[in-house]
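Asker: Take a look and give me a structure for this.
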Amino acid sequence: MNNVYSVEYTVKNKDGEVLDSNVGQAPLEFISNKEQMIPAFEKAVEEMEVGEEKTVEVASKDAYGEYREDLLQTLPIEQFEGIELQKGMTLYGQGPDGQTIAVTVKDFNDKEVTIDYNHPLAGEDLVFDIKLLNKREATADEVLSGTVGGGCNDGSCNSCGCHH
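Answerer: Prediction:
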């Protein structure tokens, strides 16, 4: 069974530095069993009751993976013509299957650019403070589309782009 979960969260590294948070903003909504979330995060949320708060520690290998040196690549600077390079900036490219790939500029000089294919949080042990705001069964359209509010159950077919 797929559920839609609405959560408020703060994620920190092991040093207690806040990396991301939606507290005071729109809740994070996701559909269970769709591989949209870190598995340990999703499992923790599934075990919670609405209104409950929980702290979950996730080792890097179970979050965004260990940092891998083999995911660094050095390319000629000519491939970055027209881009005002900065260390730490994120660039987006296209992978072999047409998917969007994000890379981080690790370093550069006047001849070459080193880019990093690791997720920015690879190698980081993460601590999530989670509050479950809402839980409901996903609609058939949401399960099919993988998107919360997927389909046109609200009668707004013109705005959601689906066709009946």
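Asker: from here on, contacts and neighbour counts on C-alpha atoms
Answerer: Fine.
Asker: Let's see the helix ranked longest in the chain as CSV, backbone CA atoms only.
Answerer: Using DSSP state H to define each element, the chain has its longest helix at helix 39-46. C-alpha atoms of helix 39-46 as CSV (Å, rounded to 0.1, in the frame of the first residue of the first chain):
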residue,chain,number,x,y,z
PRO,A,39,15.1,4.4,2.8
ALA,A,40,16.0,4.9,6.5
PHE,A,41,14.1,8.3,6.4
GLU,A,42,11.0,6.7,4.8
LYS,A,43,11.1,3.7,7.2
ALA,A,44,11.2,6.1,10.2
VAL,A,45,8.3,8.1,8.9
GLU,A,46,6.2,5.0,8.2
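Asker: And the next helix or strand past that helix?
Answerer: Once the chain leaves helix 39-46, the next helix or strand it forms, by DSSP states H and E, is strand 53-58.
Asker: any weak-confidence spans in this structure?
Answerer: 150-164 (pLDDT under 70).
Asker: follow-up on the earlier one: can you check what angle separates the longest helix of the chain from strand 53-58?
Answerer: Helix 39-46 runs at 160 degrees relative to strand 53-58, counting by axes from the mean of the first three to the mean of the last three CA atoms, to 10 degrees.
Asker: nearest spatial neighbour of residue 68, skipping sequence neighbours?
Answerer: residue 118 (6.8 Å; CA to CA, 6 or more residues apart in numbering).
Asker: Centre-most residue in the protein?
Answerer: For the chain, the residue nearest the mean C-alpha position is residue 37 (7.0 Å; CA atoms, centre = their mean).
Asker: Residue ranges of each domain in the chain, please.
Answerer: 3-64+122-152, 69-116 (automatic domain parsing).
Asker: And the helices in the protein?
Answerer: Remark: helices assigned in the chain by DSSP H are 39-46, 140-145, 157-160.
Asker: which stretch among those helices comes nearest residue 107?
Answerer: Proximity to residue 107 (CA to CA) singles out helix 39-46 among these, at 32.1 Å.
Asker: in that closest one, what counts as buried?
Answerer: Within helix 39-46, the residues that count as buried by 16 or more other CA atoms under 10 Å are 41-42, 45.
Asker: So which residues make contact with that helix?
Answerer: 5, 32, 56, 58, 62-63, 128, 130, 132 (CA atoms under 8 Å, 6 or more residues apart in numbering).
Asker: distance between that helix and the chain's centre?
Answerer: When C-alpha coordinates are averaged (CA atoms, centre = their mean, to the nearest Å), helix 39-46 and its chain have centres 14 Å apart.
Asker: got it, and stretch 19-38?
Answerer: On CA atoms, centre = their mean, the centre of stretch 19-38 falls 8 Å from that of its chain.
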